[in-house]
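**Student:** got a structure for you, letters missing:
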């Protein structure tokens, strides 16, 4: 500032530092509502909020030699305006030129949908990784195009893959397309996409998580946040795998920021997806209260459907609030984002909020 | 054969063993005519001919992390029924979903056309190579789908890339899209596709060729052939690069089979493509006779356009014949294939033909 310039203009209040953990489709949709709530807020701190998203990478899979990061892509496409709004995943106006040819070549697996536009993302990512980039760096390059309005960080740059131990089932009880399913270990995507999670899982194992390091910026994003948000993502295979990376759970426990989550369960059923199959595999009931229990060591606020408020066991330090959870319209989704922020800001330590 | 079965049925004469060296579009089209001539022949030895094609791989390039073998694919698609008949290269009914997205990501280069169907081929090849397959093995897998009716062998499984040393040119003489072209070395595809060979080449260098080994089966295919055919492919960057792989030229010199070629030049102009630019770079005139001179140490028969017969210098052991060379229709192409076979069979040593 040059001499003579008035220096009495008050500094603008800093934007809120919001950090979210996120899986794929549901998390991405919630984040869109959260961003809409921030941008339309009358509170300057919310308007100028910086949002960091820590994305699940345990769904990642390499197919046909292409590295696919379904959850990162769902967040990137949804917030960047490229998502297929009907399916909730993949690119809009998608075509299948490459996939049809791969099938003509008899290449497997053929149960994972790969649109042409989506494949371009995987081609770029695969090339960047082959050239030595980390997944964080590759994600940053991809986001230069999509400008999702958040800093999108993979939970880790190290390989983590969720595998599913299938329970033995009688041949007569197997889904018709389950093939040799039963009593074997498959990649999460095979269980989820090919088997529709219809073969019971005996265990869900985030292979590699114990040795994974949080990606650059992940722990700082939790530690330095003003508020931390858990979207209604799958508590086992999305949020659960992020928490399995050493250091992240500890950061959530020790951050000064309130951690506020949105239940992925309404009245005993998952809001979307097949979270019940995942919860069953770890012996946890499909209830809003049971999911809160998975986060008990760090959760400060919990948004549940109004009818579920009574079912969440009270415990010191946890504020439970009932709100409509269905993200049935942009307005409803934005309202859910606003309610999450409202609860988080209420719960900020008074000295931090001052 | 069990006892009692009549054993007096005369053995069928073996099919002719035909080996061809080939580049891309022109070579592939010629080979289609050659196959048509064989299959419609009344000679049982021609009908049952086994054709081996030794394909140029020095045009190969890796773009966006995908291994592309343009000449092998042109042969495979053309003989397998997947070629774009209008362009003469690439797949028919092609789409550009992936390429448009790669451009949206700002990925370069953007001057090499990659259709979605074609990309599937490169994805399969790249994955097979990454898994440890040789290019020969990958080509065999791809051909399992296309059934081109020939054994398609890469000239080598080792890396060879034709590079072009661009001559310095005044900025005012450069093509508008030549960028910083001039006085530098580029991949052949950049010179051919991006610069349309309009910047003069000071040298054309098959980098890696001196250390490359012929792929499995290549030398035997030349040595054990009944006839060897050179389609009207580019004498420098297609046939020339195949000949640059140590051992192949020697095999052509020493094989008992007649080696018969088809001139890629008619009356001072290349039949197609920009062979003149390639010939100029090695100081060879664009004439049917000059091209024959490049093959002088092994060539037994040379098919040229009728008007070029007089221009080919006579030499002992070389039979020159004038025939219409334009592959302007399936019938004309088949007739050219038949003429090539006729000349080759005439030139077979009497004891071999007996």
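**Tutor:** Cool, got the structure. No experiment lies behind these values; they were computed from the predicted model shown.
**Student:** burial measure for residue A:253, as a count.
**Tutor:** When neighbours are defined as other CB atoms under 10 Å in any protein chain shown, residue A:253 has 11 of them. C-beta coordinates here come from the backbone N, C-alpha and C atoms, glycine included.
**Student:** Which parts of chain A are strands?
**Tutor:** With DSSP state E as the definition, chain A shows strands at residue ranges A:17-22, A:50-55, A:61-63, A:66-68, A:151-154, A:161-166, A:185-187, A:201-207, A:227-230, A:259-262, A:265-266, A:269-270, A:301-304, A:319-322.
**Student:** closest one to chain B among those?
**Tutor:** Put simply, out of the strands of chain A the one that sits nearest chain B is strand A:66-68, at 7.1 Å, with distance taken as CB to the nearest CB.
**Student:** Is there contact, residue-wise, from the closest one to chain B?
**Tutor:** Yes: using CB under 8 Å from any CB of the partner chain, a contact is recorded between strand A:66-68 and chain B, made by residue A:66.
**Student:** Check stretch A:103-113 too.
**Tutor:** Yes: residues of stretch A:103-113 are located near chain B by CB under 8 Å from any CB, namely A:104, A:105, A:106, A:107.
**Student:** who touches that stretch?
**Tutor:** By CB atoms under 8 Å, 6 or more residues apart in numbering or on different chains, the residues outside stretch A:103-113 that reach it are A:61, A:63-64, A:68, A:90, A:96, A:99, A:102, A:189-190, A:193-194, B:120-121, B:124, B:127, B:141-142, B:144-145.
**Student:** same deal with stretch A:197-212?
**Tutor:** Identification of contacts with stretch A:197-212 by CB under 8 Å, 6+ apart yields A:58, A:155-156, A:158-167, A:169, A:174-175, A:178, A:181-182, A:185, A:188, A:191, A:236-237, A:240-241, A:244-246, A:274, A:277-278, A:280-282.
**Student:** wait, what's in contact with residue A:245?
**Tutor:** Residues in contact with residue A:245 (CB under 8 Å, 6+ apart) are A:155, A:156, A:160, A:209, A:212, A:213, A:214, A:218.
**Student:** Show the pLDDT at it.
**Tutor:** Confidence per residue is given as pLDDT, and for residue A:245 that number is 98.
**Student:** Residue A:173 now?
**Tutor:** According to the model, residue A:173 carries a pLDDT of 61.
**Student:** for residue A:168, same thing?
**Tutor:** In the predicted model, residue A:168 carries a pLDDT score of 80.
**Student:** how much space between it and chain B?
**Tutor:** Applying CB to the nearest CB, to the nearest Å, the value for residue A:168 to chain B is 31 Å.
**Student:** In ChimeraX, select just the buried ones from the contacts of stretch A:197-212.
**Tutor:** Remark: buried members of these, expressed as a ChimeraX selection using 16 or more other CB atoms under 10 Å in any protein chain shown:
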select /A:58,155,156,158,160,161,162,163,164,165,166,169,174,178,181,182,188,191,236,237,240,241,244,245,274,277,278,280,281
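**Student:** In helices, which of the contacts of stretch A:197-212 appear?
**Tutor:** A:188, A:240, A:241, A:277, A:278, A:280, A:281 (DSSP state H).
**Student:** Dihedrals phi and psi, the closest residue to the third one other than its chain neighbours?
**Tutor:** Of all residues not flanking residue A:241 in the chain, residue A:58 sits nearest, at 3.7 Å (CB to CB, 6 or more residues apart in numbering or on different chains). Dihedral angles phi and psi of residue A:58 (degrees, to the nearest 10) take the values phi -80, psi -10.
**Student:** ok, residue A:58 to chain B distance?
**Tutor:** In this structure, residue A:58 and chain B are 23 Å apart, going by CB to the nearest CB.
**Student:** residues touching that residue, list them.
**Tutor:** A:155, A:160, A:161, A:162, A:188, A:206, A:209, A:237, A:241, A:242, A:244.
**Student:** Identify the bridge partners of the nearest residue in space to residue A:230 that is not next to it in sequence.
**Tutor:** Spatial nearest neighbour of residue A:230, chain neighbours left out: residue A:261 (3.5 Å); criterion: CB to CB, 6+ apart. In this structure, residue A:261 has beta-bridge partners residue A:230, residue A:302, where bridges are defined by DSSP bridges.
**Student:** Nearest to chain B, out of the contacts of residue A:245: which one, please.
**Tutor:** Comparing the contacts of residue A:245 against chain B with CB to the nearest CB places residue A:160 closest, at 21.2 Å.
**Student:** In this structure that closest one contacts residue A:55, no?
**Tutor:** No: with contacts counted by CB atoms under 8 Å, residue A:160 stays clear of residue A:55, the gap being 11.9 Å.
**Student:** Low-confidence stretches in the stretch 251-354 of chain A?
**Tutor:** Across the stretch 251-354 of chain A, residues meeting the criterion (pLDDT under 70) sit at A:349-354.
**Student:** And stretch A:56-70, end to end?
**Tutor:** Start-to-end span of stretch A:56-70 (CA to CA, to the nearest Å) is 9 Å.
**Student:** For it, give the mean pLDDT please.
**Tutor:** If you average the pLDDT values across stretch A:56-70, you get 97.
**Student:** quick one: which of the residues of stretch A:103-113 next to chain B sit in helices?
**Tutor:** If you go by DSSP H, those have residue A:104 in helices.
**Student:** In contact with residue A:320, which residues?
**Tutor:** Residue A:320 is in contact with A:292, A:301, A:302, A:304, A:309, A:312, A:314, counting by CB under 8 Å, 6+ apart.
**Student:** try 6 Å this time
**Tutor:** For residue A:320, the contact set (CB atoms under 6 Å, 6 or more residues apart in numbering or on different chains) comprises A:302, A:309, A:312.
**Student:** where do the helices sit along the stretch 251-354 of chain A?
**Tutor:** In chain order, the stretch 251-354 of chain A shows helices spanning A:275-281, A:288-294, A:330-347, A:350-353, with DSSP state H, counting those that start in this stretch as the criterion.
**Student:** Mind putting those into TSV with distance to residue A:224?
**Tutor:** Formatted as TSV, these follow (distance: least, CB to CB, whole Å):
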stretch	distance to residue A:224
helix A:275-281	30
helix A:288-294	25
helix A:330-347	15
helix A:350-353	11
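**Student:** Tell me which of those helices approaches residue A:41 most closely.
**Tutor:** Closest to residue A:41 of these is helix A:330-347 (CB to CB; 7.5 Å).
**Student:** And for the residue of the stretch 251-354 of chain A found nearest chain B, nearest residue in space, chain neighbours not counted?
**Tutor:** Chain B sits closest to residue A:330 of the stretch 251-354 of chain A, with a gap of 25.1 Å, by CB to the nearest CB. Nearest-residue entry for residue A:330: residue A:36, 6.9 Å, with adjacent residues in sequence omitted and distances by CB to CB, 6+ apart.
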